[in-house]
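Novice: A predicted structure for the sequence below; I have some questions about it.
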Amino acid sequence: KAEGHVEGEKVENPDTGLYYDEYLRQVIDVLETDKHFREKLQTADIEEIKSGKLSRELDLVSHHVRTRLDELKRQEVARLRMLIKAKMDSVQDTGIDHQALLKQFEHLNHQNPDTFEPKDLDMLIKAVSARQE
């Protein structure tokens with residue numbers, strides 16, 4: 001008995017190995033709930049995605065989607081801050097610059113920790129693309 005793909009069924013993707021894999025998956029899941037963005041994503045080629053052209057479509061998603069993306073970003077920033085604090089606690093060096101540590105996380109705009117903007121989507125796409133090259 002062959003099992004086919006049922007429309008609407010979630011397809012499990014293998015772990016990317018990225019330290020922000022869960023964040024990436026959550027952002028994609030939320031973006032795919034917006035009909036307009038999902039259609040753009042399905043018709044975009046890889047170059048449109050990597051160039052940032054798709055990121056500009058973020059301005060057209062629904063308010064609910066943007067609110068959820070803002071929430072996801074705040075959670076990710078909090079997670080990264082917790083990782084930095086854990087690293088600082090293990091080293092016990094009080095001279096560590098938090099901003100310098102945050103700069104090493106290139107998958108989001110750390111200068112704006114509260115809202116998910118087109119720049120965040122662009123940075124996330126570029127960080128994933130860089131790891132795959």
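Specialist: Yes, it's here.
Novice: so what does the longest helix along the chain touch, helix or strand wise?
Specialist: Ranked by number of residues, the top helix in the chain under DSSP state H is helix 63-91. Helix 63-91 sits against helix 21-31, helix 98-103, with contacts defined as 3 or more Cβ pairs under 8 Å, 6 or more residues apart in numbering; DSSP states H and E. C-beta coordinates here come from the backbone N, C-alpha and C atoms, glycine included.
Novice: for the record, mean pLDDT for whichever helix or strand comes after the last one?
Specialist: Using DSSP states H and E, the next helix or strand after helix 98-103 towards the C-terminus is helix 118-132. What helix 118-132 shows for mean pLDDT is 84.
Novice: quick one on the thing from earlier: which of the helices and strands packed on helix 63-91 has the lowest average pLDDT?
Specialist: Ranked by mean pLDDT, those bottom out at helix 98-103, which scores a mean of 61.
Novice: Stretch 108-115 spans what distance, first to last residue?
Specialist: Taking Cα to Cα, to the nearest Å, stretch 108-115 runs 10 Å from one end to the other.
Novice: Please list the outside residues in contact with it.
Specialist: 20, 23, 66, 70, 73-74, 76-77, 80, 99, 102-103, 117, 119-120, 123-124 (Cβ atoms under 8 Å, 6 or more residues apart in numbering).
Novice: Pull out the buried residues from the longest helix of the chain.
Specialist: Using 16 or more other Cβ atoms under 10 Å as the test for burial, helix 63-91 gives 65-66, 68-69, 72-73, 76-77, 80, 84.
Novice: now these in TSV, with pLDDT?
Specialist: TSV is the format used below for those (pLDDT from 0 to 100):
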residue	pLDDT
65	96
66	95
68	97
69	96
72	96
73	94
76	92
77	92
80	88
84	81
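Novice: can you pull the pLDDT of residue 17?
Specialist: Per the predicted model, pLDDT is 74 at residue 17.
Novice: Tell me the secondary structure of it, please.
Specialist: coil (DSSP: H, G, I helix; E, B strand; the rest coil).
Novice: who touches it in this structure?
Specialist: Contacts for residue 17 (Cβ under 8 Å, 6+ apart) come out as residue 131.
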